[in-house]
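Participant: Dropping a prediction and its sequence here:
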Amino acid sequence: MLVPTLITLALLLFLGSIFTSVWTDRLWFKSVGYGEVFRSILLTRVALFVILGLIFGLFVIANLYVAYRTRPDAAPMRRDDPAYRYRLALTPLLRPLAIGFGLVLTGFAGSVAAAHWDTYQKWRHSTSFGTKDAQFGKDASFYVFEYPWWRFLTSYSFALIVITVLAVLFLNYVYGGIRIAGRGPKLTRAAQVHLSVLVGIGVLLRAVSYYLDRFAQVIASGGLIDGVTYTDDHARIPSKNILIGVAIICALLFFAAIFIRSWALPAIGLGLLALTSILIGAIWPAVMQGFQVKPSEPDKEAPYIARNIEATREAYGIDDVEVQSYSAKTALTPAELASSAESRVSTRLLDPTLISDAFEQLQQVRGYYTVPKTLDVDRYRLGDEEQPQDVIIAARELNLNGLQSSQRNWANDHTIYTHGYGVVAARGNQRGDTGEPVFVAKDIPSVGEIKTTTPPRIYFGEQSPSYSIVGRPKGQAPIEVDIPRGGASTDDEGKANATQNTYDGKGGVPIGGTFNKLLYAFKFAEPNIFLSSRVNAESKILYDREPRDRVKKVAPWLTVDGDSYPAVVNGRVVWIVDGYTTSNSYPYSEHRSLREATADTLTNGNAQAALPTDQVNYMRNSVKAVVDAYDGSVKLYQWDTKDPVLKTWMKVFPDVVEPKDKISNGLLEHLRYPVDLFKVQRDVLQRYHVTDAQTFYEDGERWKVPEDPTAPTGSNALQPPYYLSTARPGEDAPKFSVTSVYLPNSRQNLAAFVSVNSEATDKENYGKMQILQLPSETQIAGPSQIANDFQTDKGVTQALLQFEQSKQANILRGNLLTLPVGDGLLYVQPVYIQRSAVEGSYPVLQFVIASFGKDVGFGQTLDEALRVALGLEEGSTPDDTGDTPTTPEGESPGEKTASALLDEASALYEDAQEALKDGDLATYQTKINQMGQKIEDAKKAVEDENAKK
């Protein structure tokens, strides 16, 4: 009795788990207004499960029934024959075993079919691309939407035949239809006919598979390029055509065995098919590749490479990239560079990866609040300023780990500490008097230039608890901790030193009823949900609260960007999430792993979510999603109005994605070019910036993304893209952009600077990518070389020496930014100082390093650093000509003795040390540079004196 009881309990538990999952999902989708998405997906999965699962199960059982009914009446069998023992065991239980076997097959096959609900829906609602492939003349939609479904059906049917054949063989063996004796197995006439039909159908399906294999070459990956190559065109595809004919003949021979009562011809046909597949399908292409293609590969493959280049650039949206030759001068007059820098650079100095501790220590307010380790970059109109300014922003979220251990219990974790509060934001290009951020949104309640006009509570965020239960009956006191009052944890009267709040948003699933309580107690394995008096008639449960997860759940057909970011839109705190439509079946396009293409310092350090390992060869930023931080509502907006993949999904789920023109101006100001799409495009452009087939084949112009010079030694992590405001050559006003650089494949000097306009309000230019390509003969230092120059520069090392020698402080070097300025390239890097081994310490922006060409400047502001790099004194201005005297009184080095020059160098060093003590870094750097020049002049004077002797 125990075994059936345990089996029954296990089955009930399994079914109960499935029911709980499905029903709570239904409630969740209903709470966010996407019930139609849930119903559509569920109905599609159930329909595929039932229809294809039943076809599979019934087909197998029907064939077993036929095999059983046509078994020999009295098959001679010895008692020591294994088949005899199987027959004795199976016969009494034949009916329940058949039913059980059929149910198991139906369940497994139906589950496989249900998992392909998205493939079915794309096939059913296919949208034309308007682009035909050069090999077969089919629209790209055939490969993206239709081919995957036909391939699945073929594989599914072939698996059905294989399982059926194995099952029929076994039953015939057990009941005498097949006897193994003498020279080989002997089959009854009924078994022979039955198996001939099944194998014939299987071979016909193999012919269909060969037919589809022809199209598979168009989307194949590997080899020289992805897509059809010369050998594919002239050997592999023709071989598939031949194999189709051979397979059909072989299938007809199996059908003929029904009448000729012999396996000889089918066996010959099967052998011919196997031999043909080896000779024609494998050896012929290999011989052609080795003896015909390899000796003249550049010429043979040129037209196919051209197809691959064109398709890849189109599939990743880089076909209209503007490539501009950029001289990148290394010598400009101070007047030219200063003028250019002032008008075109609004450099973001705050490093989002380093100032999290400063935000947290200065604006945490309570230990149970936190901000992420890497903050986000956005832009806002501040005060009376006409142009939007770069802003570093973070949501102040709830951190349960910040509570004391005595506070950690179920009631506190899930009913009292339920939400964060407001945003913290600072100007990206300014520092306070002591290096702290200049906040434009701070404190609780929030004050500053960035205003929130609605409750700024963060109930839905990146670090929200797994679930919270909110809501109180009318008349009962609120219990959720809301606004801290400051001071101790309790006031003089012993009351909690914080205001309380009751959630009144529309988000969350009602959980007041007994049934829902039981469901969620089972779902979260927490009996308190059912037993606690805090779960009342007005209660709601908030879960799946991470913005990316909410978007992925309501739109499972989207790939979601790894970096969701908070924004204050029309006075309300929201999360903005970029959604991508992708495919791995776009004809001729190069495949890329999303995980590998987007990996960099941020993803390696878990500061930004890594994308899945999916292989894709088509990608579009088709959707902008907005998740409200207070009520959790999700809105999807169409962004790419031309994307056929999005149009297909909009047919599947009507009215789920709102039109682009519904995006408000307030939201539009905070939309930006997504970082993961840029990283994928950056990865593809390493090779596909080349558009000439011959040059592409030679592969001498390949680029690479540099390693991050600020990453830990040995990590080999790539430098991430940077959001900042800068002006492109020919533009006057800085634009919010996402930027990166390239190096030549085998060197460390710079090859190109790439940027994308990220101003969504600039409808004509948003998303336009520009590459400033440096001439190959130009030697402009790359990020690692510049980082080395910054670390070895005399002025920089002397200024930082006191911190390096001190055990009380750490030096943290911020993101190394590259900016096109004055027909050259300007490098800027902030330097932070943090007290070590001190609780509550945080990095403080103390210095800025700037470099243009070979000149390095160091100061407390970018202006100071630029002046030092230009060789200007503090407070001076460049003259019209840009000429600056090289020595006092205009004397040339040769007119002074080496001794006199060294004396002057010594005096300059003393002046530099005095300036350093006074905190005048600009004068300090200038004096150090002049000292270095004097030393060089002294060396030259000694060489001249020796030459005269």
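Facilitator: That came in fine, so what should we check first?

Participant: Please, where are all the strands along the stretch 251-400 of the chain?
Facilitator: 322-325, 345-346, 369-370, 376-380, 389-395, 397-398 (DSSP state E, counting those that start in this stretch).

Participant: Looking at the ones you listed, which is nearest to A610?
Facilitator: A610 lies closest to strand 376-380 among the strands of the stretch 251-400 of the chain, at 17.2 Å (Cβ to Cβ). Any C-beta I mention is one placed from the backbone N, CA and C, and that applies to glycine too.

Participant: Run the angle between the closest one and strand 389-395 for me.
Facilitator: 130 degrees (axes from the mean of the first three to the mean of the last three Cα atoms, to 10 degrees).

Participant: Quick one: closest of the strands of the stretch 251-400 of the chain to V554.
Facilitator: Checking those against V554 by Cβ to Cβ gives strand 389-395 as the closest, at 20.7 Å.

Participant: Direction included, what does that closest one pair up with?
Facilitator: Using DSSP bridges, the strands paired with strand 389-395 are strand 376-380 (antiparallel), strand 423-427 (antiparallel).

Participant: Contacts made by the first one with the rest, please.
Facilitator: With contact meaning Cβ atoms under 8 Å, 6 or more residues apart in numbering, strand 376-380 is reached by 348, 352, 388-394, 425, 428, 440, 449-450, 563, 565-568, 669-670, 672, 723-725, 736.

Participant: try stretch 807-815
Facilitator: So stretch 807-815 is contacted by 349-354, 710, 722, 787, 790, 800, 803-804, 829-838, 843, 845 (Cβ under 8 Å, 6+ apart).

Participant: Among those, which lie within strands?
Facilitator: 722, 829-835, 845 (DSSP state E).

Participant: Can you mark which positions in the helix ranked longest in the chain are buried?
Facilitator: Ranked by residue count and defined by DSSP state H, the top helix of the chain is helix 35-69. Buried residues in helix 35-69, defined by neighbour count with 16 or more other Cβ atoms under 10 Å: 37-38, 40-42, 44-45, 48-49, 52-53, 55-57, 59-61, 63-64, 66-68.

Participant: just how off-centre is it within its chain?
Facilitator: On the basis of Cα atoms, centre = their mean, to the nearest Å, helix 35-69 sits 36 Å off its chain's mean C-alpha point.

Participant: If you count contacts, what does it end up packed against?
Facilitator: Judged by 3 or more Cβ pairs under 8 Å, 6 or more residues apart in numbering; DSSP states H and E, the packing partners of helix 35-69 are helix 2-31, helix 94-114, helix 117-124, helix 147-174, helix 189-216.

Participant: can you give me the helices in the stretch 801-949 of the chain?
Facilitator: 862-870, 898-917, 921-948 (DSSP state H, counting those that start in this stretch).

Participant: would you turn the ones you listed into JSON lines with mean pLDDT?
Facilitator: Output for the helices of the stretch 801-949 of the chain, formatted as JSON lines (pLDDT from 0 to 100):
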{"stretch": "helix 862-870", "mean pLDDT": "78"}
{"stretch": "helix 898-917", "mean pLDDT": "73"}
{"stretch": "helix 921-948", "mean pLDDT": "70"}
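
Participant: ok, and which of those helices has the densest surroundings?
Facilitator: Across the helices of the stretch 801-949 of the chain, averaging neighbours per residue (mean count of other Cβ atoms under 10 Å) puts helix 862-870 on top, at a mean of 24.

Participant: and that one, what does it pack onto?
Facilitator: On a contact count with 3+ Cβ pairs under 8 Å, 6+ apart, helix 862-870 meets helix 334-344, strand 844-852, strand 855-859, helix 921-948.

Participant: try it again with 6 Å
Facilitator: Judged by 3 or more Cβ pairs under 6 Å, 6 or more residues apart in numbering; DSSP states H and E, helix 862-870 is in contact with strand 844-852, strand 855-859, helix 921-948.

Participant: Would you mind listing the outside residues contacting the first one?
Facilitator: Strand 844-852 is touched from outside by 431, 435, 786, 790, 824, 826-833, 857-859, 862, 865-866, 869, with contacts defined as Cβ atoms under 6 Å, 6 or more residues apart in numbering.

Participant: mind running it again at 7 Å?
Facilitator: 337, 349-350, 431, 434-436, 786, 789-790, 796, 824, 826-834, 856-862, 865-866, 869, 921 (Cβ atoms under 7 Å, 6 or more residues apart in numbering).

Participant: Then the second one?
Facilitator: Outside of strand 855-859, the residues within contact range by Cβ under 7 Å, 6+ apart are 789-790, 793, 795-796, 799, 847-850, 865-869, 921-922, 925.

Participant: How about stretch 784-792?
Facilitator: Residues outside stretch 784-792 that contact it (Cβ under 7 Å, 6+ apart): 706-707, 709, 748-749, 781, 796, 816, 827, 829, 849, 851, 856.

Participant: so how far is that stretch from its chain's centroid?
Facilitator: 30 Å.

Participant: So in terms of bridging, what pairs with Y637?
Facilitator: Bridge pairing for Y637 - DSSP bridges - gives K624, E658.

Participant: With F439 instead?
Facilitator: A426.

Participant: now I280, nearest residue through space, not along the chain?
Facilitator: S239 (4.3 Å; Cβ to Cβ, 6 or more residues apart in numbering).

Participant: Who are the packing partners of the host helix or strand of the one you found?
Facilitator: According to DSSP states H and E, S239 maps onto helix 237-260. Counting contacts by 3 or more Cβ pairs under 7 Å, 6 or more residues apart in numbering; DSSP states H and E, helix 237-260 is packed against helix 189-216, helix 264-278.

Participant: Show me what the first one is packed against.
Facilitator: Read that as helix 189-216. helix 147-174, helix 237-260.

Participant: Quick one: closest of the ones you listed to L519.
Facilitator: That would be helix 147-174 among the helices and strands packed on helix 189-216, by Cβ to Cβ, at 34.1 Å.

Participant: For the closest one, which residues meet the burial criterion?
Facilitator: Across helix 147-174, burial judged by 16+ other Cβ under 10 Å covers 147-154, 156-158, 160-161, 163-165, 167-174.

Participant: and if you look at stretch 423-439?
Facilitator: 423-431, 435-437, 439.

Participant: Roughly how far does the most centrally placed residue in the chain sit from S564?
Facilitator: Of all residues in the chain, the one closest to the mean position by Cα atoms, centre = their mean is L611, 3.4 Å from it. Using Cβ to Cβ, to the nearest Å, we find L611 at a distance of 13 Å from S564.

Participant: Ok, D213 next?
Facilitator: To S564, D213 is 41 Å away according to Cβ to Cβ.

Participant: returning to what we had before: save the helices and strands packed on helix 862-870 as a markdown table, and put in distance to D378 too.
Facilitator: Listed next are these as a markdown table, based on distance: least, Cβ to Cβ, whole Å:
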| stretch | distance to D378 |
| --- | --- |
| strand 844-852 | 19 |
| strand 855-859 | 27 |
| helix 921-948 | 30 |
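
Participant: picking up where we left off before, which among the helices and strands packed on helix 189-216 is found nearest to A597?
Facilitator: Nearest of the helices and strands packed on helix 189-216 (Cβ to Cβ): helix 147-174, 22.0 Å.

Participant: out of everything not next to it in sequence, what's closest to A134?
Facilitator: Of all residues not flanking A134 in the chain, R307 sits nearest, at 5.6 Å (Cβ to Cβ, 6+ apart).

Participant: Surely Q121 and M650 touch.
Facilitator: No: under the criterion of Cβ atoms under 7 Å, Q121 makes no contact with M650, lying 11.6 Å away.
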